[in-house]
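In: no sequence on hand, only this structure:
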């Protein structure tokens, strides 16, 4: 019984640490959207370990400019993100630009895209990954 | 490489919590080696459970603020009868109704940001705030954000930003607290209301018609996500959304990949691919009918 209580207490503590870690990352990441970009109102986050890849689909509407911010850990450049179109053509990866934490996208016609994120294992091997999407006013 | 499509931090049990506690930069000492045993076990647990749980998916829906901006761009005149009356808040008694209608009122608030009616904006902000309180997310919302809303009531750009910030705070708080289903319902309510607000003018404005036609992926995402719920009301909503998704699926859409152009100096990439969607008046009407039924189910 004591052991169970200890595990539960540890788990609760760990949960708080996890949330605190993700919240700090999300706060820092939000700074990349600045005032010119309006958040899409969502926070995309995943716990990544080693070479795991988190992905989700999104729609970029034509005639808009979007900013994607990608963050993990305390330093810039820990998170790699890639954007594919619906035919799986790679449109962009920040890995080509030193894992820069944000990038802008001017969208001519509406595109259904998949966004993948993955830790740069040279910098970090586990942690909370946060992705934010903003659109220009 | 292990792919964890749609796997999220939330709702994955003690093992995943251990993993999170252990997660950090690559500067850890030998204690980490012991912890990583738990990490592997935890991760296996996380992946297994995430296949079953609604709260383990990442999905994206278009923002109602973006729709409001498009309506503004097309100079759509104000129409109060399109809004969900604030008096209806009395009808919303359970979490399902409150979450959906927090999204609905949030979309209405984004729409109202386009017009000069300070009192109405304050009224809608109040119902959003009340529902946030009922859903236990009010405490997560910074009081400064609330205060800024009142002081920027006539500043359209600020209202867009504050609206987005408020709903992002709610989204984050609910995900932190393993209430991903509620977070999804708020987004769903906002998405349906934004569609509703743009359907009437879309009959005569091609840009709006196209934007509506481009919502098919969002509809399918919602059906996939909410369809995994164990709640009867949520499943009923998912069933209604599935009928709407099938209307979107019937639309003709073309897509042609064009190589993007990147300007590294400016940190910008131009996505130049071509897409086109065709929607007849009959198809628009069918979508409007489905959205009307879903909205009635939500705000009833």
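Out: Arrived safely. Small disclaimer: the values here were computed from a predicted structure and weren't measured.
In: show me where the chain has strands.
Out: All of this refers to chain A. Secondary structure of chain A (DSSP state E): strands located at A:37-39, A:44-49, A:54-60, A:64-72, A:79-84, A:90-93, A:102-107, A:111-119, A:126-136.
In: should've been chain B
Out: Using DSSP E, strands in chain B cover B:252-256, B:261-263, B:268-271, B:274-278.
In: by contact count, what packs against the second one?
Out: Which is strand B:261-263. In this structure, strand B:261-263 makes packing contacts with strand B:268-271, judged by 3 or more CB pairs under 8 Å, 6 or more residues apart in numbering or on different chains; DSSP states H and E. Placement of C-beta: from N, CA and C, glycine included.
In: show me what the strand it packs on is in contact with.
Out: Here strand B:268-271 makes contact (CB atoms under 8 Å, 6 or more residues apart in numbering or on different chains) with A:60, A:91-92, A:103-108, A:111, B:260-263.
In: stretch B:120-130 now?
Out: Residues outside stretch B:120-130 that contact it (CB under 8 Å, 6+ apart): B:80, B:83, B:86, B:89, B:102, B:105-106, B:108-109, B:112-113, B:138, B:141, B:146, B:149-150, B:153, B:159, B:166.
In: so which of those residues sit within helices?
Out: Members of the contacts of stretch B:120-130 lying in helices (criterion: DSSP state H): B:102, B:105, B:106, B:108, B:109, B:112, B:146, B:149, B:150, B:159, B:166.
In: which of the residues you listed count as buried?
Out: For the ones in helices among the contacts of stretch B:120-130, a neighbour count by 16 or more other CB atoms under 10 Å in any protein chain shown gives the buried set as B:102, B:105, B:106, B:108, B:109, B:112, B:149, B:159, B:166.
In: can you add distance to chain A and pLDDT and give the residues you listed back as CSV?
Out: Below are these laid out as CSV (distance: CB to the nearest CB, whole Å; pLDDT from 0 to 100):
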residue, distance to chain A, pLDDT
B:102, 12, 96
B:105, 14, 96
B:106, 8, 96
B:108, 15, 97
B:109, 12, 95
B:112, 16, 96
B:149, 15, 89
B:159, 10, 91
B:166, 8, 91
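In: quick check: the two most widely separated of these?
Out: With CB to CB as the measure, no two of these lie farther apart than B:102 and B:159, at 16.9 Å.
In: what part of chain A, helix or strand, is modelled with the least confidence?
Out: Lowest by mean pLDDT, DSSP states H and E among the helices and strands of chain A is helix A:2-30, with a mean of 71.
In: and residue B:270, how many neighbours?
Out: Residues within reach of residue B:270, counting by other CB atoms under 10 Å in any protein chain shown, total 16.
In: likewise for the one 5 residues further on?
Out: Residues within reach of residue B:275, counting by other CB under 10 Å, total 20.
In: in space, what's closest to it - neighbours in sequence excluded?
Out: Once flanking residues are discounted, residue B:275 sits nearest to residue A:109: 4.3 Å by CB to CB, 6 or more residues apart in numbering or on different chains.
In: check contacts around the one you found.
Out: Per CB under 8 Å, 6+ apart, neighbours of residue A:109: A:62, B:273, B:274, B:275, B:276.
In: most centrally placed residue in chain B?
Out: residue B:187 (3.0 Å; CA atoms, centre = their mean).
In: test for you: state the pLDDT assigned to the residue nearest to residue B:275.
Out: pLDDT recorded at residue A:109 is 96.
In: got it, and residue B:157?
Out: Residue B:157 is given a pLDDT of 86.
In: next, count neighbours for the residue nearest to it when sequence neighbours are not counted.
Out: Computed as CB to CB, 6+ apart, the closest residue to residue B:157 that is not its neighbour in sequence is residue A:137, at 5.6 Å. Neighbours of residue A:137 under the rule other CB under 10 Å: 14.
In: could you dump the strands of chain A to CSV with distance to residue B:129 and mean neighbour count?
Out: Output for the strands of chain A, formatted as CSV (distance: least, CB to CB, whole Å; neighbours: other CB atoms under 10 Å in any protein chain shown):
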stretch, distance to residue B:129, mean neighbour count
strand A:37-39, 19, 24
strand A:44-49, 25, 26
strand A:54-60, 29, 22
strand A:64-72, 28, 24
strand A:79-84, 34, 22
strand A:90-93, 39, 18
strand A:102-107, 31, 21
strand A:111-119, 32, 22
strand A:126-136, 24, 25
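In: who does the lengthiest helix in chain B touch, helix- and strand-wise?
Out: Counting residues, the longest helix found in chain B (DSSP H) is helix B:180-202. When contacts are defined as 3+ CB pairs under 8 Å, 6+ apart, helix B:180-202 sits against helix B:64-73, helix B:95-112, helix B:156-176, helix B:206-213, helix B:216-226, helix B:232-249, helix B:281-299.
In: related to what we said a few turns ago, of all the contacts of strand B:268-271, which comes closest to residue A:75?
Out: Of the contacts of strand B:268-271, the one sitting nearest to residue A:75 (CB to CB) turns out to be residue A:103, at 17.6 Å.
In: beta partners for the closest one?
Out: Listed by DSSP bridges, the beta-bridge partners for residue A:103 are residue A:68.
In: for it, what are its contacts?
Out: Contacts of residue A:103 by CB under 8 Å, 6+ apart are A:67, A:68, A:92, A:94, A:97, B:267, B:268, B:269.
In: check residue A:106 too.
Out: By CB under 8 Å, 6+ apart, residue A:106 lies in contact with A:65, B:268, B:269, B:270, B:271.
In: just flag the most distant two among the contacts of residue A:103.
Out: A:67 and A:97 (14.4 Å).
In: quick check: the closest residue to residue B:293 other than its chain neighbours vs chain A, distance?
Out: Spatial nearest neighbour of residue B:293, chain neighbours left out: residue B:240 (6.4 Å); criterion: CB to CB, 6+ apart. Plainly put, residue B:240 is 21 Å away from chain A if you go by CB to the nearest CB, to the nearest Å.
In: pLDDT weak spots in the stretch 101-250 of chain B?
Out: Within the stretch 101-250 of chain B, no stretch has pLDDT under 70.
In: which part of it gets nearest to chain A, residue-wise?
Out: Nearest residue of the stretch 101-250 of chain B to chain A: residue B:167, at 4.0 Å (CB to the nearest CB).
In: report how many residues lie close to the residue lying closest to that residue once chain neighbours are set aside.
Out: For residue B:167, ignoring the flanking residues on the chain, the nearest one in space by CB to CB, 6+ apart is residue A:41 at 4.0 Å. By other CB under 10 Å, the residues close to residue A:41 number 27.
In: look up how far residue B:97 lies from residue A:41.
Out: Residue A:41 is 20 Å from residue B:97, where distance means CB to CB, to the nearest Å.
In: domains for chain B, by residue range?
Out: Following automatic domain parsing, chain B resolves into domains at B:13-54, B:59-251+B:279-299.
In: phi first, then psi, for the nearest residue to residue B:74 once chain neighbours are set aside.
Out: By the measure of CB to CB, 6+ apart, the closest residue to residue B:74 outside its immediate chain neighbours is residue B:205, 5.4 Å from it. Main-chain dihedrals, residue B:205, degrees, to the nearest 10: phi -120, psi 110.
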